[in-house]
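In: Have a look; sequence and predicted model below, questions after that.
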Amino acid sequence: MTLVYQSTRDENNKVTASQAILQGLATDGGLFTPLTTPQVDLDFDQLKDASYQEVAKLVLSAFLDDFTEEELDYCINNAYDSKFDTPVIAPVVKLGNQYNLELFHGSTIAFKDMALSILPYLLTTSAKKQGVDNKIVILTATSGDTGKAAMAGFADVPGTEIIVFYPKDGVSKIQELQMTTQVGDNTHVIAIDGNFDDAQTDVKRMFNDEDLRAKLLANKTQFSSANSMNVGRLVPQVVYYVYAYAQLVKSGDIQNGDKVNFTVPTGNFGNILAAYYAKAIGVPVGKLICASNENNVLTDFFTTGTYDKKRDFKVTTSPSMDILVSSNLERLIFHLLGNSAAKTKELMESLASAGEYTLTDADQDILNLFAAGFATEEETAAEIKRVYDQSNYIEDPHTAVASAVYTSYAERTGDNTPTVIASTASPYKFPRVAVAAVTGKDSGDDFKAVEELHELSGVAIPAAVNGLETAEVRHKTVVATADMQKAVEDYLGL
Ligand SMILES: *Cc1c(COP(=O)(O)O)cnc(C)c1O
C-alpha cells in the first residue's frame, strides 16, 4: 500500500509522494497532504547511534514510499554531504534549561538548507519516476533568502536550471553578494529595477503563460517551483526532530520515552508542521510551542480559534517570520477537521474573501498539543542578551523569538519538560542585530558587525560569509521588469 497524498481542497485529487513532489501545489489551489500516518519503527535505543543520513532514510522511506531504496540513497547522500560544515548536520547545544537544535550548518546558514539541499534530487528523481525527461527549470522571485538557498541546492544538479529574480534595491548588501557570487553553470541571477511584488507577479504570470509553456515543452523543458508548500520540502524537515530526540537519549539528557517540547520560530508554518508529523509517527512530544514575532496572527489563532489576517504588516528584525498568511497551516486545519477537504476549502475561501475564518468542530486533541506566544522586538533583543550573559552563546533574532516565547511559557505554566528550540539561522546571517542586542551599539556596517560578532562569541566565521567581500561577482544582469520573460528565454535558448 502506498501512502496517499490528497489535496486539502478536493477529496478526488489523490496522488503518490513522487507525483505530489513533481506537481508542487495542487491545481485546485490546495496542498498535498498525507491522509494517514505512515508506520515507522522508532527504536531510540538503536537510533541514538544512527547518523543523520540513516535517520533521514528511515523517515523518508516511510513518507516517500514510492521511492526505491537506491533512489533515496542517491538523494540523501547528495544532499547531506560536505555542503554542511559539520558531519553531525544538525547539532544539539545545551543552554541552561533548553536545547538549541542548530539547523543552520548548510550552505546559506539558515534552516531552509535542511530541505532545499535535498529537494532538487527528490524533484529530478520524481520526474524520472513519472516518465518525464524534460529539463526542470526552477523559476523564482526572492526578497533575499529563499532564492539563495534554492540556488545553493540546485547548483550543478543534473537536469535542472534555476533562474532567480530579485529587486535591485530591495535586498541587503550581504544578501546581494550571496546571490551574485553564486557558482554553478545552471544558476542564473537577475536583478530587476522593480520591487519584490513586481518580480513575484511576473514570475506567477510566466508560470501560467500557455504560449511560454508550449515553447518550453518544444525544447524539452518545464517550469517547477521550490516553494515551501512542496511535500519535498515538508518531509525532510521531519527528520531533524527525530534526530534531535535520538541525540538527547544518546547524551543521557533524557531517557527513551521521556517527553520533550519543541519550540519553533514560525512564519509559513512549514517547520512546526514537520514537528507535528514527527509526533504523529511516534516521537514522544509534550507540547509544540508556536512562536511568532510581532506579526502574531498565529498566537491569536491558537488562543481564540479565529485566524484574522486583517491587520498591519510589521517589518521586524526576524524578517523570515514577517508573514500574515501562513500557507502550511492549511494542512493542520485539514487534519483538525478530520481530513475534510470540503470544510477546509470553505475556510480558505473565507480567508481569501473575508480575510478571516473561525474554526468550529476542530479536533481538540490536536489543538491541545499546541501552545503559542509571540515576542516583541524589545523582548527578542533582550533574549539575545540574556542567553549571551547566561551561556556566552549568541542566538540569531529568529531563534531568539522562539527562545523568548519558550522562556515566558515555562514561567507562566511551570512546565519543566526538556525543550528543544529549533534554531533556524546563524547569528552571522543577521550580525548587526545580534551585536546590537548584546552591546547596545549599532556596528554601522554588516562586515564590521561580522568581526565584532566573532570577537564576542568566539564562533568561527562560516564560509557563507567569509570571503564574500572578495568573491568573484558572476551575475551582473539587470533588466526592466517588463523584460523578465525575454531574459528567461535568452538563458534557456528558446
Ligand atoms: C523560513 C524561516 C523561518 C520560518 O519557517 P516556516 O517554516 O516558514 O514557519 C524561521 N526562521 C528562519 C531563519 C527562516 O528562514
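Out: Yep, it's here.

In: Return the residues in contact with the most centrally placed residue in the chain.
Out: Central residue of the chain (CA atoms, centre = their mean): K112, 4.2 Å from the mean position. Counting by CB atoms under 8 Å, 6 or more residues apart in numbering, K112 touches D145, T146, A149, S228. Just so you know, the C-beta spots here come from the backbone N, C-alpha and C atoms, and that holds for glycine as well.

In: Not counting its neighbours along the chain, what's nearest the second one?
Out: Just to be clear, that refers to T146. The shortest distance from T146 to any non-neighbouring residue, by CB to CB, 6 or more residues apart in numbering, is to K112 (6.4 Å).

In: Need the pLDDT of the one you found.
Out: K112 is assigned 94 on the pLDDT scale.

In: what's next to stretch 74-81, contact-wise?
Out: With CB under 8 Å, 6+ apart as the test, stretch 74-81 has contacts from 52-53, 56-57, 60, 67, 89, 117-118, 121-122, 125, 157, 236.

In: Around the ligand, pick out the residues from this structure.
Out: Within reach of the ligand by CB under 6 Å from any ligand atom, the chain has these residues: 110-112, 145, 228, 265-271, 320-321, 398, 424-425.

In: wait, V401 sits on C290?
Out: No - judged on CB atoms under 8 Å, V401 makes no contact with C290 at a distance of 10.9 Å.

In: out of the two, which sits in the more crowded spot?
Out: V401 (34 against 26; other CB atoms under 10 Å).

In: Check which element follows the helix or strand hosting the more buried one along the chain.
Out: Using DSSP states H and E, V401 sits in helix 397-413. Helices and strands here follow DSSP H and E; after helix 397-413, the next one along the chain is strand 419-423.

In: That following strand - which strands sit beside it in the sheet, and in what orientation?
Out: Using DSSP bridges, the strands paired with strand 419-423 are strand 98-102 (parallel), strand 260-265 (parallel).

In: roughly how far is that strand from the heart of the chain?
Out: The chain centre lies 15 Å from the centre of strand 419-423; the measure is CA atoms, centre = their mean, to the nearest Å.

In: what pLDDT, on average, does it get?
Out: Across strand 419-423, pLDDT averages out at 98.

In: Then stretch 458-469?
Out: Stretch 458-469 shows a mean pLDDT of 91.

In: Can you say which of the strands paired with strand 419-423 is packed in most?
Out: strand 260-265 (a mean of 27; mean count of other CB atoms under 10 Å).

In: What angle do helix 397-413 and that one make with each other?
Out: Interaxial angle, strand 260-265 versus helix 397-413 (axes from the mean of the first three to the mean of the last three CA atoms, to 10 degrees): 130 degrees.

In: thinking again about what came up before, relative to V459, which of the strands paired with strand 419-423 is closest?
Out: strand 98-102 (10.7 Å; CB to CB).

In: For that closest one, C-alpha coordinates in CSV please.
Out: Taking Å, rounded to 0.1, in the frame of the first residue of the first chain, the C-alpha atoms of strand 98-102 are listed here in CSV:
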residue,chain,number,x,y,z
GLN,A,98,16.9,24.5,26.8
TYR,A,99,18.4,22.6,23.9
ASN,A,100,19.1,24.6,20.8
LEU,A,101,18.8,22.4,17.7
GLU,A,102,21.1,24.1,15.2
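
In: Can you lay out the strands paired with strand 419-423 as TSV showing distance to A199?
Out: Shown next, in TSV, are the strands paired with strand 419-423 (distance: least, CB to CB, whole Å):
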stretch	distance to A199
strand 98-102	31
strand 260-265	26
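
In: related to what we said a few turns ago, check which residues of the helix holding V401 are buried.
Out: Buried residues in helix 397-413, counted by 16 or more other CB atoms under 10 Å: 397-407, 409-410.

In: okay, these in a markdown table with pLDDT next?
Out: Formatted as a markdown table, the buried residues of helix 397-413 follow (pLDDT from 0 to 100):
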| residue | pLDDT |
| --- | --- |
| P397 | 97 |
| H398 | 97 |
| T399 | 98 |
| A400 | 98 |
| V401 | 98 |
| A402 | 98 |
| S403 | 98 |
| A404 | 98 |
| V405 | 98 |
| Y406 | 98 |
| T407 | 98 |
| Y409 | 98 |
| A410 | 98 |
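
In: from the residues you listed, which is closest to the ligand?
Out: H398 (3.7 Å; CB to the nearest ligand atom).
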